[in-house]
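*Asks:* return a 3D structure for these sequence lines:
(2 chains)
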Protein chains: 2
Amino acid sequence: MSYLVSKAESVNRALDLAVPLQEPLKIHEAMRYSLLAGGKRIRPLLCIAACELVGGEASVAMPAACAVEMLHTMSLIHDDLPCIDNDDLRRGKPANHKVFGENVALLAGDALLPFAFEHLVSATSPVVSPVRLVRAVGELAKAVGVEGVAAGQVADISSEAVLGGIVGGGSDDEIERLRQFARCVGLLFQVVDDILDVTKSAQELGKTAGKDLVADKLTYPKIMGLEKSREFAEKLSRDAREQLLGFGSDQVAPLLALANYIANRQN
Amino acid sequence: MSYLVSKAESVNRALDLAVPLQEPLKIHEAMRYSLLAGGKRIRPLLCIAACELVGGEASVAMPAACAVEMLHTMSLIHDDLPCIDNDDLRRGKPANHKVFGENVALLAGDALLPFAFEHLVSATSPVVSPVRLVRAVGELAKAVGVEGVAAGQVADISSEAVLGGIVGGGSDDEIERLRQFARCVGLLFQVVDDILDVTKSAQELGKTAGKDLVADKLTYPKIMGLEKSREFAEKLSRDAREQLLGFGSDQVAPLLALANYIANRQN
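*Replies:* Below you'll find the model as predicted:
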């Protein structure tokens, strides 16, 4: 757990440096507000841990990890807008559009998206080969493609893990195992999220609880019941770990810590 | 002029193929509605003509040209939203959000942005070196960076020209001249746009005329008067042409045709 906390703090510092407060001030202020609002940083941590799994330095994956978090933050800002989910609360704080207005929130999201690509390319190109970098850009684009935008339901975080594997110098086989691992973990994240939504209060979650019920959204507890959902979560946890067999224990430790955190989180 | 028309038709065909109608249908329908609404295609044409200036085949720049138009279209869709400009008319047709609703229009824009990067990378990587492709991605990201998003006023199309120069195999000196050329042409476009806004009707323009006056926006005719604005346009036209001295006449023809069109357009 302390590994995750210290890595999440590194991500926060890197994000703070990547998007400094500059002109135009209002847009950058709005970008920073949501970007530095202290999310769980699961996506960037997954990206970094994936890089370490294949033997790469954590620092090599940091720009990719920040880019991933920029894209994720952008999608949260836009999802909260009145014309989409009309949510007032995010990460325990007022949503971006409640603080800066709809227009600035929209533009802050629009600015974060291309900046993620710019940051990945400019900050990674000194240490990663152009061939891998081109592949990384394609993977980053997929992470927020049409399916991701429109579906919104299942947290597919496989691109984040693949991205870390690419910049970390992983082989095709290693990258494929990372993709499978992340698919299990992503699904696990969603199942746990659904379980927490029916068992926790808004204060504990830092967002509006019971929202899935109100919105009549299909959730795992609704489809298979709470007990079976918990069993399914355990199975996904085991399946994820299976993908890591054969890697050295030092390399595996970061990803394992992350999977355990996701399986056992309470908010 | 016939060169521009035939090239614009090639761009339209390429865009049609790049974004096929597929699941999720509603989002793709909305993406295609605005993307294929028949704009002037000045940005993609500039990208292609820049590629030809440095001796590259037009086809090499086509994915970059499409990516540029996707980003431009995305910014138009979002600009027209009620929380930004609240415009009902675009390219002579109802704005995207008037046809598909605000939520779909927002998501269609959000989907076009990363897809532009994905398309550039996947369709260009077979014919352009990874080193140039990485540089192209950085330039594409800049084309829609924070400044572009927030300023919105001046049509900076220098990135589009630079992008064409990069994928076309241009030298650093050639690319720098393309950037200067495009800066002049971009400013020229804006000056002509401002002049047309005060001298033409909505029907002729295919968008709301006199809007700059109503919105109390600073325009060239308002700052320097109509006559001086026309003189400024002529000077910019000459400055742009100066950047093309030294290139072969065949290579220069496409960019010259484009500059002439921009200087003399009536809508």
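
*Asks:* these two touch, right, residue A:267 and residue A:196?
*Replies:* Yes. Counting by CB atoms under 8 Å, residue A:196 is a contact partner of residue A:267 at 6.8 Å. C-beta: built from backbone N, CA, C; applies to glycine.

*Asks:* tell me which of these two has more neighbours.
*Replies:* Per other CB atoms under 10 Å in any protein chain shown, whichever of residue A:267 and residue A:196 has more neighbours is residue A:196, with 16 against 12.

*Asks:* pretty sure the more buried one is touching residue A:264, no?
*Replies:* No. Applying CB under 8 Å as the test, residue A:196 and residue A:264 come out as separate, 11.3 Å apart.

*Asks:* counting neighbours, what do you get for residue A:30?
*Replies:* Count around residue A:30 with other CB under 10 Å applied: 25.

*Asks:* the least confident helix or strand in chain A by mean pLDDT: what's the following helix or strand?
*Replies:* Sorting the helices and strands of chain A by mean pLDDT, DSSP states H and E puts helix A:146-151 at the bottom, at a mean of 58. Remark: after helix A:146-151, the chain's next helix or strand is helix A:158-167, criterion DSSP states H and E.

*Asks:* helix, strand, or coil at residue A:217?
*Replies:* Assigned with DSSP: H, G, I helix; E, B strand; the rest coil, residue A:217 falls in the coil class.

*Asks:* that one and chain B, how far apart?
*Replies:* Residue A:217 sits 16 Å away from chain B, going by CB to the nearest CB, to the nearest Å.

*Asks:* that residue: how many residues sit nearby?
*Replies:* 12.

*Asks:* for it, give its distance to residue A:89.
*Replies:* Separation of residue A:217 from residue A:89 (CB to CB, to the nearest Å): 17 Å.

*Asks:* with residue A:184 instead?
*Replies:* 30 Å.

*Asks:* between the two, point out the one with more neighbours.
*Replies:* The neighbour comparison of residue A:184 against residue A:89 (other CB under 10 Å) goes to residue A:184, with 20 against 16.

*Asks:* what is the neighbour count of residue A:9?
*Replies:* Residue A:9, neighbours per other CB under 10 Å, totals 11.

*Asks:* who's in contact with residue A:143?
*Replies:* A:68, A:71, A:159, A:160, A:163, B:114 (CB atoms under 8 Å, 6 or more residues apart in numbering or on different chains).

*Asks:* quick one: the strands in the stretch 51-200 of chain A, in order.
*Replies:* Secondary structure of the stretch 51-200 of chain A (DSSP state E, counting those that start in this stretch): strands at A:89-90, A:93-94.

*Asks:* for the residue nearest to residue A:18 when sequence neighbours are not counted, give me its contacts.
*Replies:* Once flanking residues are discounted, residue A:18 sits nearest to residue A:66: 5.1 Å by CB to CB, 6 or more residues apart in numbering or on different chains. Counting by CB under 8 Å, 6+ apart, residue A:66 makes contact with A:11, A:14, A:15, A:18, A:44, A:116, A:119, A:123.

*Asks:* all helices for the stretch 151-267 of chain A, in order.
*Replies:* A:158-167, A:172-199, A:202-205, A:211-214, A:220-224, A:226-242, A:249-264 (DSSP state H, counting those that start in this stretch).

*Asks:* which of those helices is buried the deepest?
*Replies:* With neighbours taken as mean count of other CB atoms under 10 Å in any protein chain shown, these reach their highest mean count in helix A:158-167, at a mean of 30.

*Asks:* ok, back up a step: between the helices of the stretch 151-267 of chain A, which gets nearest to chain B?
*Replies:* helix A:158-167 (10.8 Å; CB to the nearest CB).

*Asks:* quick one: that closest one near chain B?
*Replies:* No. Judged by CB under 8 Å from any CB of the partner chain, helix A:158-167 makes no contact with chain B; its nearest approach is 10.8 Å.

*Asks:* so for that helix, mean pLDDT?
*Replies:* Mean pLDDT, helix A:158-167: 95.

*Asks:* packing partners for it?
*Replies:* Helix A:158-167 sits against helix A:42-53, helix A:58-79, helix A:130-143, helix A:172-199, with contacts defined as 3 or more CB pairs under 8 Å, 6 or more residues apart in numbering or on different chains; DSSP states H and E.

*Asks:* residues contacting the closest residue to residue A:219 other than its chain neighbours?
*Replies:* What sits nearest to residue A:219 in space, not counting adjacent residues and going by CB to CB, 6+ apart, is residue A:194, at 4.0 Å. Residues in contact with residue A:194 (CB under 8 Å, 6+ apart) are A:212, A:219, A:220, A:221, A:222, A:229.

*Asks:* will you turn those residues into CSV that also has distance to residue A:97?
*Replies:* CSV is the format used below for the contacts of residue A:194 (distance: CB to CB, whole Å):
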residue, distance to residue A:97
A:212, 21
A:219, 26
A:220, 30
A:221, 30
A:222, 29
A:229, 32
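
*Asks:* between the residues you listed, which is closest to residue A:56?
*Replies:* When the contacts of residue A:194 are ranked by distance to residue A:56 (CB to CB), residue A:220 comes first, at 34.0 Å.

*Asks:* low-confidence ranges in chain A?
*Replies:* Scanning chain A for pLDDT under 70 picks out A:1, A:145-155, A:201-216.

*Asks:* just checking, residue A:34 touches residue A:70?
*Replies:* No. Residue A:34 is not in contact with residue A:70 according to CB under 8 Å; the separation is 9.8 Å.

*Asks:* these two: who's more crowded?
*Replies:* Between residue A:34 and residue A:70, counting by other CB under 10 Å, residue A:70 is the more crowded of the two (30 against 26).

*Asks:* what about that one, distance to residue A:110?
*Replies:* Residue A:70 is 12 Å from residue A:110, by CB to CB.

*Asks:* same check on residue A:220?
*Replies:* Residue A:220 sits 33 Å away from residue A:110, taking CB to CB as the criterion.

*Asks:* equivalent analysis for residue A:261, please.
*Replies:* Residue A:261 sits 32 Å away from residue A:110, going by CB to CB.

*Asks:* with residue A:186 instead?
*Replies:* Going from residue A:186 to residue A:110 by CB to CB gives 26 Å.

*Asks:* what of residue A:62?
*Replies:* Per CB to CB, residue A:62 is found 24 Å from residue A:110.

*Asks:* okay, these two: which has more neighbours?
*Replies:* Here residue A:62 and residue A:110 are set side by side on neighbour count (other CB under 10 Å), and the busier one is residue A:110, at 28 against 24.

*Asks:* my guess is the more buried one contacts residue B:79, does it?
*Replies:* No. Counting by CB under 8 Å, residue B:79 is not a contact partner of residue A:110; they are 9.8 Å apart.

*Asks:* can you pull the buried residues of the helix or strand hosting residue A:27?
*Replies:* Following DSSP H and E, one finds residue A:27 within helix A:25-35. Within helix A:25-35, the residues scored as buried using 16 or more other CB atoms under 10 Å in any protein chain shown are A:27, A:28, A:30, A:31, A:32, A:33, A:34, A:35.

*Asks:* distance to chain B for those residues - can I get that in TSV?
*Replies:* Converted to TSV, the buried residues of helix A:25-35 look like this (distance: CB to the nearest CB, whole Å):
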residue	distance to chain B
A:27	5
A:28	7
A:30	10
A:31	8
A:32	12
A:33	15
A:34	14
A:35	13
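
*Asks:* and the residue positioned nearest the centre of chain A, what does it touch?
*Replies:* Centre of chain A computed as the mean C-alpha position; nearest residue by CA atoms, centre = their mean is residue A:43, 2.8 Å away. When contacts are counted by CB under 8 Å, 6+ apart, residue A:43 touches A:65, A:68, A:69, A:72, A:157, A:160.

*Asks:* which of these tops the neighbour count?
*Replies:* Most surrounded of these: other CB under 10 Å gives residue A:160, at 34 neighbours.

*Asks:* perfect, that will be all.
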